[in-house]
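Asks: task: produce atomic coordinates for the following.
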Amino acid sequence: MKIAEAANAWKKRYTPIKEWDRMFSEGHWDYLDSIGEAARYALIAGYIHRRPSVNDVLDVGCGAGILIRYLDRSRIRYRGIDLSQAAIDQARERFPHDRFDAIDLASYEPASGELFDAIVFNEVLPHIDDPLGSFSRYCNYLRPHGIVIISTFQNPNPSSNAAMFTALLDEAVAAGDLIVLTRSEVTTSEKGLKWRVDVLAGDHEPRADG
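Replies: Residues are numbered from 1 along each chain as shown. From the prediction side, this is the model:
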């Protein structure tokens, strides 16, 4: 598949969310810290802990930093970024000893020489205007053999951002542009909602010519 063409098509189809600060301030995302969401976060953390080489983790679109609760802090060094200042303020209040920055995904660049062993996109890529291009760019911030973990809500509405992104991701994998190392699906106990968690190789270069 041609990455540039996929990006242009995606921009015309997806629906951006523009009120992240208000939604965080009003508690719209507070449920993410509930026991019903634990399975998804525990699965992401499990994939991180399963690889002994993973020590430095970048959580892109970290929200209020909930993933931290599931990580072994004696081993994992965590960095979280999110475009919402309200979300970052909540994260810093909850986890004052961790690193958080309010910055848009498209603007972020790590400090000189800073690399990560795992990058997490937890419900992020379906809501930006170039998900595959962003995936490729962030792979440059990984150490050799680093991994990218993508968690996506399996929305039954085919016109939703999540459903369209799942299809886009599957198309890229089928075309050989991305390599999935493993994939799992979890269901929340409270509402029966499904999530898919993909672990992808970060050192595989997408084919520019499709």
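
Asks: what about residue 28, how many neighbours?
Replies: Number of residues near residue 28 (other CB atoms under 10 Å) recorded here: 12. Every residue, glycine included, has its C-beta placed from N, CA and C.

Asks: that one belongs to a helix?
Replies: No: assigned with DSSP: H, G, I helix; E, B strand; the rest coil, residue 28 falls outside any helix and is coil.

Asks: mind checking how far it is from residue 63?
Replies: Noted for residue 28: a distance of 11 Å to residue 63, by CB to CB, to the nearest Å.

Asks: and the lengthiest strand in the chain, what other elements does it pack with?
Replies: Longest strand in the chain by number of residues (criterion: DSSP state E): strand 142-153. With contacts defined as 3 or more CB pairs under 8 Å, 6 or more residues apart in numbering; DSSP states H and E, the packing partners of strand 142-153 are helix 38-50, strand 116-122, helix 131-139, helix 161-174, strand 194-201.

Asks: which of those is buried the deepest?
Replies: Using mean count of other CB atoms under 10 Å, the stretch among those with the largest mean neighbour count is strand 116-122, at a mean of 23.

Asks: could you list the alpha-carbon positions for that strand in CSV?
Replies: Below are the C-alpha coordinates for strand 116-122, written out as CSV (Å, rounded to 0.1, in the frame of the first residue of the first chain):
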residue,chain,number,x,y,z
PHE,A,116,13.1,4.1,24.0
ASP,A,117,12.6,0.3,24.1
ALA,A,118,8.8,0.5,23.7
ILE,A,119,6.4,3.1,22.5
VAL,A,120,2.7,2.8,23.5
PHE,A,121,-0.2,4.3,21.4
ASN,A,122,-3.2,3.6,23.7
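
Asks: returning to that earlier point: each with direction, which strands does the longest strand of the chain pair with?
Replies: Strand 142-153 has the following strand partners under DSSP bridges: strand 116-122 (parallel), strand 194-201 (antiparallel).
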